[in-house]
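1. need coordinates for the following:
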Amino acid sequence: MKYNKTISLLVVCIVLLSIFASAIGIFSNYGPGAYEIESFRGERINIYGRGLYSDDSISVATQGIAQDIVTLVLGIPLLIVSLCLSLKGSLKGRLLLTGTLGYFLYTYISYVFLWMYNSMFIVYVILMSVSFFAFTLSIMSVDINNISSAFNKKLPVRFLGGFQIFFAVALCLLWMGKIIPTITNRAVPVGLEHYTTLVIQGLDLGFIVPIALLSGVLLIKRDPFGYLLSSVIIMKGFTMGAALTAMIIGQYLAGVSMSIIEIIMFPMFNLVIFYCMILLLKNIKGKGY
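-> All right, here's what the predicted structure looks like:
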């Protein structure tokens, strides 16, 4: 199997560094505690004031801790299991590994560019870089010419493709609903706080929305790239959805106000994505990629 040795080394690096970064994020507790500041835009911001995320707002710090917990209890075990299955020649394992690497790539891009600077910055940069190369090699290792034949013909491509298209449109409308009023009213986006720009919305609108649309359309047409991209999007979506649900719970417990659409939409999408992942895995025939 192509690139197995390199991918294995990169995954070991991701596992060790992400355990370290997540544990520091969860358990560090130094600092004076919560306090309030006024941003240069004149907005009053509640700062977390404790541990690694002491300079972040309460909203972002609770999201970071929730994501660290999901990375530790779900992301890392999934990465190890999928690598082991992949090394045995399982296509399910390789696709699960690629999707999980997509989760780590997205996660540490957001940590590098969204979070306030902290002592883990260089660790986040290494994790982002290593995840990118492992993800790219994992994608390149899949035999695109034979991937269609590895899936059962009964795979419900219209349902899975249609859901991805619906998800892309819903995500686009959600974030544009947040951005457009700031253009027409020259207002600060809700939730921007003391940060420089909308990093998550930029990543989603620039990458997740177009990739989900493309993979949905290609899967309905039973194009080989549709099988590959849909597998990656759905399996990455499962881990990311779990992280988003944990973030919403963390923010609720911290008393952070959220839009009712976000509270309902993301956990519901997470359930549907989990169902899609089961459908996808059940319809992959076996070994060989």
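
2. is Leu174 in a helix, a strand, or coil?
-> helix (DSSP: H, G, I helix; E, B strand; the rest coil).

3. apart from its neighbours in sequence, what residue is nearest Ser39?
-> Ranked by C-beta to C-beta, 6 or more residues apart in numbering and with sequence neighbours excluded, the top spatial neighbour of Ser39 is His194, at 4.2 Å. Using the backbone N, CA and C atoms, a C-beta is placed for each residue, glycine as well.

4. do you know the pLDDT at that neighbour?
-> pLDDT for His194: 90.

5. measure the nearest residue to Phe121 once chain neighbours are set aside to Ala21 for me?
-> With C-beta to C-beta, 6+ apart as the criterion, Phe121 has its nearest non-adjacent residue at 7.4 Å, and that residue is Val112. With distances taken as C-beta to C-beta, to the nearest Å, Val112 is found 12 Å from Ala21.

6. what residues are shared contacts of the two?
-> Contact criterion C-beta atoms under 8 Å, 6 or more residues apart in numbering; residues shared by Val112 and Ala21: Tyr124.

7. so which of the two has more stuff around it?
-> Shown here are Val112 and Ala21; by other C-beta atoms under 10 Å, Ala21 has more neighbours (22 against 17).

8. next up, the contacts around the more buried one.
-> Asp68, Tyr111, Met120, Val123, Tyr124, Leu127.

9. in a markdown table: these, plus neighbour count.
-> Below are the contacts of Ala21 laid out as a markdown table (neighbours: other C-beta atoms under 10 Å):
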| residue | neighbour count |
| --- | --- |
| Asp68 | 25 |
| Tyr111 | 23 |
| Met120 | 20 |
| Val123 | 17 |
| Tyr124 | 21 |
| Leu127 | 24 |
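
10. buried residues, the strand or helix carrying Pro210. List them.
-> Element membership of Pro210 [criterion: DSSP states H and E] is helix 209-220. Buried residues in helix 209-220, counted by 16 or more other C-beta atoms under 10 Å: Val209, Ile211, Ala212, Leu213, Leu214, Ser215, Gly216, Val217, Leu218, Leu219, Ile220.

11. roughly how far out does it sit from the chain middle?
-> 17 Å (C-alpha atoms, centre = their mean, to the nearest Å).

12. residues in contact with it?
-> Helix 209-220 is contacted from outside by 157-158, 160-165, 167-169, 171-172, 225-227, 229-230, 232-233, using C-beta under 8 Å, 6+ apart.

13. how does it look with 6 Å?
-> With C-beta atoms under 6 Å, 6 or more residues apart in numbering as the test, helix 209-220 has contacts from 157-158, 160-161, 164-165, 167-168, 171-172, 225-226, 229-230, 233.
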